[in-house]
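Visitor: task: produce atomic coordinates for the following.
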Amino acid sequence: MTTRIDTRFAELRREGRAAFVTFLMAGDPDLETSLAIIKALPQAGAEIIEIGMPFTDPMADGPAIQASGLRALKAGTTLKKTLALVRDFREGDDRTPIILMGYYNPIYIYGVDKFLADAKSSGVDGLILVDMPAEEDDELCIPALKAGLNFIRLATPTTDDKRLPAVLANTSGFVYYVSITGITGSASADTEVVAAAVARIKRHTHLPVCVGFGIRTPDQARAIASRADGAVVGTALVDALQGSLDAEGRATGKTVAAVADLVAALAQGVRGARQAAE
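Guide: Have a look, this model is predicted:
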């Protein structure tokens, strides 16, 4: 079965360029503003959208994304409302791939079978679960694949050649390479180190490899996109959103544009990558 993610990467391959993947938390700073931002992303240049599922104990997230999740939870965002957000987005966009990213606990509480059915019917294309190792594939990964959802696995600088086959065994859609050790937003990626890591992963898989963590500027996005199949930006977008809020953490008239304008600038960087590489 071909998903929207597969289709999008096939299109980008034909065009000879990398994907620009954006991450934002569902419901930050409120559900109405969050939907307006997500609707603005494709037009601004996002080719794949990751949406965070707010969770109270996000162990891999840096301070900015943790704060984003807390704002979303404070605004009443639940997993059910996150799925409704995707459904509302799908009313106007049936092509842009949507990936839900987060932790297993909310899905476990929701019920795996119910979650997968509801995610699929809402228009979700893939899942990234930070805390689900390959040894737990029967729990969610295999059921997700059977439901027609891509299950995207994380590889890190510490994932060696011995571990990679297990990580990649049931991965689909693309491989998400975490370019730095540590939490999101904590450092910048070294382009040459990333290039070597991407090449190493590609020796084990035909899947696209996208690189995230540590990309904040158009130049960084261009550098990474010239070495990988996609560049993922999250913390910089969350910072832009947070910087547009009022003193009480509420959306202002600048909030949607603050994110969309940065997405447009980063997208230009990604789109300039193939020319730079030629």
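Visitor: what about D113, neighbour count?
Guide: Neighbour count for D113, taken as other Cβ atoms under 10 Å: 10. Where C-beta positions appear, they are placed from N, C-alpha and C, glycine not excepted.
Visitor: and the one 5 residues further on, by the same measure?
Guide: By the measure other Cβ under 10 Å, the count of residues near D118 is 18.
Visitor: doesn't it lie inside a strand?
Guide: No: going by DSSP: H, G, I helix; E, B strand; the rest coil, the assignment for D118 is helix, not a strand.
Visitor: ok, and the closest non-adjacent residue to A144?
Guide: Nearest in space to A144, with sequence neighbours left out and distances taken as Cβ to Cβ, 6 or more residues apart in numbering, is F151 at 4.9 Å.
Visitor: is the one you found in contact with C141, as I believe?
Guide: Yes: the pair F151 and C141 qualifies as a contact (Cβ atoms under 8 Å) at a distance of 4.6 Å.
Visitor: need the overlap of contacts for the two.
Guide: Residues touching both F151 and C141 (Cβ atoms under 8 Å, 6 or more residues apart in numbering): N170.
Visitor: about what we covered before: in contact with the residue nearest to A144, which residues?
Guide: F151 touches 126-127, 129, 140-141, 144-145, 170-173, counting by Cβ under 8 Å, 6+ apart.
Visitor: mind redoing it with 6 Å?
Guide: 127, 141, 144-145, 172 (Cβ atoms under 6 Å, 6 or more residues apart in numbering).
Visitor: among those residues, name the ones in strands.
Guide: Among the contacts of F151, the members found in strands (DSSP state E) are L127.
Visitor: looking at the contacts of F151, which are in helices?
Guide: Counting by DSSP state H, the part of the contacts of F151 found in helices is 141, 144-145.
Visitor: A10: which of those residues is nearest?
Guide: Checking those against A10 with Cβ to Cβ, the nearest one is L145 at 18.9 Å.
Visitor: neighbours of the closest one, how many?
Guide: 18.
Visitor: which residue, other than its chain neighbours, is closest to it?
Guide: L145 sits nearest to F151 (Cβ to Cβ, 6+ apart), 5.8 Å away.
Visitor: any idea how far that neighbour is from A26?
Guide: According to Cβ to Cβ, to the nearest Å, F151 and A26 sit 19 Å apart.
Visitor: list the buried residues for the longest helix seen in the chain?
Guide: If you go by DSSP H, the chain has its longest helix at helix 255-271. Neighbour-count burial for helix 255-271, counted by 16 or more other Cβ atoms under 10 Å, picks out 255-260, 262-264, 266-267, 269-271.
Visitor: and it, how far from the chain's centre?
Guide: Offset of helix 255-271 from its chain centre (Cα atoms, centre = their mean, to the nearest Å): 15 Å.
Visitor: which residues in this protein form strands?
Guide: Under DSSP E, the chain gives strands at 19-25, 48-52, 98-102, 126-129, 150-151, 154-155, 175-178, 209-212, 230-233.
Visitor: in CSV, list those strands along with mean pLDDT and distance to A223.
Guide: As requested, those are exported to CSV (pLDDT from 0 to 100; distance: least, Cβ to Cβ, whole Å):
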stretch, mean pLDDT, distance to A223
strand 19-25, 98, 13
strand 48-52, 98, 19
strand 98-102, 97, 23
strand 126-129, 97, 23
strand 150-151, 98, 26
strand 154-155, 94, 19
strand 175-178, 96, 14
strand 209-212, 96, 10
strand 230-233, 97, 9
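Visitor: A72: which of those strands is closest?
Guide: When the strands of the chain are compared by Cβ to Cβ, strand 19-25 sits nearest A72, at 5.1 Å.
Visitor: the closest one - contacts with which helices or strands?
Guide: The contact analysis (3 or more Cβ pairs under 6 Å, 6 or more residues apart in numbering; DSSP states H and E) places strand 19-25 against strand 48-52, helix 63-74, strand 230-233, helix 255-271.
Visitor: within the sheet, what are the partner strands of that strand, with directions?
Guide: strand 48-52 (parallel), strand 230-233 (parallel) (DSSP bridges).
Visitor: alright, I will stop here.
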